[in-house]
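Chemist: What follows is a predicted protein model with its sequence.
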Amino acid sequence: MRVRETLRDTPDTYYVRTSDGVYVAYQVVGDGPVDVAIAFSSDESNVDLMWEEPDWRPFLVGTAEFARVILHDRRGVGVSSRNVPAPNLETQVSDLLAVLHVANSARPILAGGTQGGAMHALFAATHPERVSGLLWNNPAARRAWAPDYPWGLGRDAFERSMQQSLTWGTAEYGRVIANWRTAERMGIPLGELTAAAEDRSRLKAYARINRNTATPDVAYEIDRIDWETDVRAILPSVHTPTALITGTKDNVEEARHIASLMPNATLHVLEGRSGVAMESILQILRKMAGIEAPTPALDTVLSTVLFTDIVESTAKQVALGDRAWKDVVLAHHAVVRDALTQWRGVENDTAGDGFYATFDGPARAISCALQIRERISDLGIQIRAGVHTGDCDLIDGKCAGITVSIGARIAAEAGPSEVLVSQTVHDLVAGSGLTFDDAGDHELKGVPGRWHLYRVARKMRTRADRPGFSAQTRQAGRPQDADD
């Protein structure tokens, strides 16, 4: 029986419990020889309702006709756990790994658009052995404008666009989505759309799925995380075969720029807009699914390195004497190793009072450093720490190369009780709850160029820090008016 005949009802939904106790909802549909894991967009994600979404359903059913489709709602949205913070990219990667594990999916194709593709890029760079291909529709490495990334939004424009969250989940917001999709189907930019016939059934479907994806405050937080995230620095580490898809009326130059950063990317430029060009996208995906990609021989991998050492250790040793100092060092080592276990770090080397460890995510590396900093204060000592993310050469199963050297040099720039991170790390951890102070440009010994560093602050972002929400309106549960 054909898949589209068996999908008249919503597929069964299951849950996987992550290592931190969050429940992630997922579905597995179809029985094709290739697995395709699909990431929904930020403002539409509900595995139960997406089968009713007018534009997504043809793509889901079409993919399930030749592949085993794996869907999930990321934490904080849809039918996954809602009472948790909106996830950063690193957490999204970890949750996807949990879903793929329980679904027995060894090396799927990862398909998504815009920010979903950004998460997949980080996944492929960090876990190249777990993915056979990427399909990235309307690719965007960041949403924020920068002098060297002119396709993004400036802060003022971003805040203006966020005013739409005031109507989140309503028929008015459904109309916003409907107009956007109409322009995509017509192959024109939204600004060129004049009055269009209103399809009430589509409008209601968009609004219903929208409000069953997230509440307005969570939607705002997700958009803020997307806007602050920048994956450009890790794109050269994505060696997985990648199909980038855009349209002649989309940001073609942006897509070309992203393609130039990815060593195995092929750019497909469709006529008009690529957003809902489902049949063309399915053709590209079918071609990818028909190619048996060999398991890569891993000689490099994207990794986050953490270096720590004790500040003024020689002076401490002289003051305490050898016997007492030995006890302090052993206690320090126990604290570090306990933190590494908790935050999934891998000890690569230790020499005297210094540690070098690697992580599969930068936020975990920072959290590990902060925990070490806090716990060793009881020993009467301080540490300095440096964190950097980049391609590492694998030598006897351990990370080596320039990324490791840069991490060590960053740590050397840190003062007592400081955790310094590179620009790359800073740009990858939006939504982690971490905040940073600008530490300026530095010359790192033996490393070419100047490196912009950030000092980790312990303050966590709260809802009170979000623009557009005041204490009174938080209690009332409604966004603050623009003029408040």
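Modeler: Arrived safely, thanks for sending. Here the structure is a predicted model, which means the values were calculated and not measured.

Chemist: Buried residues of the lengthiest helix in the chain, list them for me.
Modeler: What stands out as the longest helix in the chain, according to DSSP state H, is helix 322-342. Using 16 or more other CB atoms under 10 Å as the test for burial, helix 322-342 gives 325, 328, 329, 332, 335, 336, 337, 339, 340. C-beta: built from backbone N, CA, C; applies to glycine.

Chemist: and the strand or helix carrying residue 281, what does it pack onto?
Modeler: Residue 281 is part of helix 278-289, with elements assigned from DSSP states H and E. Judged by 3 or more CB pairs under 8 Å, 6 or more residues apart in numbering; DSSP states H and E, helix 278-289 is in contact with helix 56-64, strand 109-113, strand 133-137, strand 242-247.

Chemist: How far does the helix or strand that comes right after the first one sit from its chain's centre?
Modeler: Put plainly, it is helix 56-64. Counting by DSSP H and E, the next helix or strand C-terminal to helix 56-64 is strand 68-72. For strand 68-72, the separation from the chain centroid amounts to 19 Å (computed by CA atoms, centre = their mean, to the nearest Å).

Chemist: coming back round to it: ok, so of the buried residues of helix 322-342, who is nearest residue 375?
Modeler: residue 335 (4.8 Å; CB to CB).

Chemist: I figured the closest one hits residue 373, correct?
Modeler: No - using CB atoms under 8 Å, residue 335 makes no contact with residue 373, being 9.9 Å away.

Chemist: hmm, back to that, next, format the helices and strands packed on helix 278-289 as CSV and append mean neighbour count, mean pLDDT and distance to residue 359.
Modeler: Shown next, in CSV, are the helices and strands packed on helix 278-289 (neighbours: other CB atoms under 10 Å; pLDDT from 0 to 100; distance: least, CB to CB, whole Å):
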stretch, mean neighbour count, mean pLDDT, distance to residue 359
helix 56-64, 21, 93, 33
strand 109-113, 25, 95, 21
strand 133-137, 26, 97, 22
strand 242-247, 24, 97, 24
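
Chemist: among the ones you listed, which is nearest residue 127?
Modeler: When the helices and strands packed on helix 278-289 are ranked by distance to residue 127, counting by CB to CB, first place goes to strand 109-113 at 10.4 Å.

Chemist: could you dump that closest one to CSV, C-alpha only?
Modeler: Written as CSV, here are the backbone C-alpha positions of strand 109-113 (Å, rounded to 0.1, in the frame of the first residue of the first chain):
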residue,chain,number,x,y,z
ILE,A,109,20.3,12.6,5.4
LEU,A,110,19.5,15.7,7.4
ALA,A,111,17.0,18.0,5.7
GLY,A,112,15.9,21.5,6.9
GLY,A,113,15.6,25.1,6.0
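
Chemist: Quick one: list the elements packing against it.
Modeler: On a contact count with 3+ CB pairs under 8 Å, 6+ apart, strand 109-113 meets strand 35-38, helix 115-126, strand 133-137, helix 278-289.

Chemist: Go through those and name the closest to residue 442.
Modeler: helix 115-126 (25.0 Å).

Chemist: Just checking the distance from the closest one to the centre of its chain.
Modeler: Distance of helix 115-126 from the chain centroid (CA atoms, centre = their mean) equals 6 Å.

Chemist: Over to stretch 62-77?
Modeler: Counting by CA atoms, centre = their mean, stretch 62-77 comes out at 18 Å from the chain centroid.

Chemist: Buried residues, it. List them.
Modeler: 62-64, 66-77.

Chemist: Now do the contacts for the spatially most central residue of the chain.
Modeler: In the chain, the C-alpha nearest the mean C-alpha coordinate belongs to residue 89, at 1.8 Å (CA atoms, centre = their mean). Residues in contact with residue 89 (CB atoms under 8 Å, 6 or more residues apart in numbering) are 118, 119, 122, 229, 231, 428, 430, 431.
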